[in-house]
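Engineer: Pasting the sequence and the predicted coordinates here, then a few questions.
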Amino acid sequence: MEQVQEPVRRPYAFAWSARGNPEKEQATLRVWLGAVVLFAYGVFAWLNPTHDAEATFLFVALYVAYGVVSLIAVITMAGPSRARLVVTTIADQALVALALGIGGPTALPLLWVVFWFLIGSGCRYGKATLAISCVTALAAIAALAHWQPWWEANQPAALGIGLSVLSASVYLSVLVDRLGNANRDLARQASTDPLTGLSNRYALEQTVGRTLTAISEGDDGTTALLLIDLDGFKEVNDTYGHAVGDVLLQTFAAALTKRMRKTDTVARLGGDEFVVLARHVPDRAAVLTIAENIHAVLSAITSVQERPVSVSASIGACLISGGGKTHFSDIAALMRAADRAMYRAKTLGQGQTVFADAPDFETV
């Protein structure tokens, strides 16, 4: 088989990704950091047994209990809950305000918690939750300035803290936007072939993995995977150089993308190997039509940078049945079957398409 970048065939492996649970992380931090604050105010109340110190200690103890309840809710309830997130975001800032109201000057060290909640909301959940946290904090500070004696007597301080909350929230919002854009750019780079702009091997593995999962869960649509290897590409490289070969790959990738449906996934595995994953194809004849379109794309490419070229394709096609039944246990088995079919196509001459028949799957 003709390859440029990967002369040695790599085994196909499905790449799983693990994501954390930010809601559980936040609830856990409520408990542990709340316990640290509770210990600190316990020591303070023991050394300075005033009414405000004892009241603040008791309120922080209630907050730790709330943190335990929220953690249990996150663990026991199935999946994330938008309503629960909104309630806990409001409750976090409102409870800090109550502590500041009950404890007066003694509770002022808890102001850092207001900003901690802002940062946590923005970094974990994004701008919408950050806005909820900010509005709640501002409303709480305004209420304190008109209700709590110390805050009422120090309204300029309340105004300064309110402006600090607002400016910190605006800055965090900008940072969240930039980080989100950076993460999307990184994700796009990680899943894109740099030469052609198509999906790369990793992105294809993710897509095929999701497809196999959907089929195993009862998706009735039939999917076809077509493994494409370019015949004659090595000769182009040897005759005109790799720069011309790269342009040929880019030309083929662009033309192939235009020819395929928007619902199809077009990927480059590396070298001169490409894949088309076509979802919801009715039958084998429809897959043959897709293969004929691929052959037609290559037939139309007769020159690259004013240099004559003659390139065709050997295609190995696999049908993945729907309705919860598939002959493939994983992506590795699917790719091996397509690889075998593609090699059989090569033995038949240039520009051939061969299907991997169901009986052959069992022997792969």
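Structural biologist: Structure's in. What do you need?
Engineer: Nearest spatial neighbour of Ile320, chain-adjacent residues omitted?
Structural biologist: Using C-beta to C-beta, 6 or more residues apart in numbering and skipping residues adjacent in sequence, the residue nearest Ile320 is Thr223, 4.4 Å away. To be clear about C-beta, it is placed using only N, CA and C from the backbone, and glycine gets the same treatment.
Engineer: Tell me the spacing between that neighbour and His280.
Structural biologist: Thr223 sits at a distance of 7 Å from His280 (criterion: C-beta to C-beta, to the nearest Å).
Engineer: Neighbour count: those two, which is higher?
Structural biologist: Comparing Thr223 with His280 by other C-beta atoms under 10 Å, the one with more neighbours is Thr223, at 25 against 15.
Engineer: Tell me the pLDDT of the nearest residue to Glu273 once chain neighbours are set aside.
Structural biologist: Nearest non-adjacent residue to Glu273, counting by C-beta to C-beta, 6+ apart: Asp229, 5.6 Å away. For Asp229, the model assigns a pLDDT of 94.
Engineer: now the one 4 residues further on
Structural biologist: Reading off the confidence values, Phe233 has pLDDT 92.
Engineer: for Ile119, same thing?
Structural biologist: pLDDT for Ile119: 90.
Engineer: List the residues that contact it.
Structural biologist: Residues near Ile119 by C-beta atoms under 8 Å, 6 or more residues apart in numbering: Leu172.
Engineer: Counting neighbours, which bits of the helix or strand containing it end up buried?
Structural biologist: With elements taken from DSSP states H and E, the one containing Ile119 is helix 111-125. Under the neighbour-count criterion of 16 or more other C-beta atoms under 10 Å, helix 111-125 has 113-115, 117-118, 120-122, 125 buried.
Engineer: biggest helix in this structure, by residue count?
Structural biologist: When the chain is scanned for its longest helix (criterion: DSSP state H), the result is helix 155-190.
Engineer: what angle do that one and helix 111-125 make?
Structural biologist: Relative orientation of helix 155-190 versus helix 111-125 (axes from the mean of the first three to the mean of the last three C-alpha atoms, to 10 degrees): 20 degrees.
Engineer: name the helices or strands packed onto the helix or strand hosting Gln206?
Structural biologist: Using DSSP H and E, Gln206 sits within helix 201-216. Other helices and strands packing on helix 201-216, by 3 or more C-beta pairs under 8 Å, 6 or more residues apart in numbering; DSSP states H and E, are strand 223-231, strand 265-270, strand 273-278, strand 312-320, helix 331-347.
Engineer: Can you lay out the ones you listed as JSON lines showing distance to Ala158?
Structural biologist: Listed next are those as JSON lines, based on distance: least, C-beta to C-beta, whole Å:
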{"stretch": "strand 223-231", "distance to Ala158": "61"}
{"stretch": "strand 265-270", "distance to Ala158": "56"}
{"stretch": "strand 273-278", "distance to Ala158": "59"}
{"stretch": "strand 312-320", "distance to Ala158": "64"}
{"stretch": "helix 331-347", "distance to Ala158": "59"}
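Engineer: Is Gly67 in contact with Lys24, as I believe?
Structural biologist: No: using C-beta atoms under 8 Å, Gly67 is not in contact with Lys24; the gap is 11.9 Å.
Engineer: So for these two, which residue has more residues nearby?
Structural biologist: Gly67 (23 against 14).
Engineer: Please name the residues that touch the more buried one.
Structural biologist: Contact partners of Gly67, counting by C-beta under 8 Å, 6+ apart, are 27, 30-31, 34.
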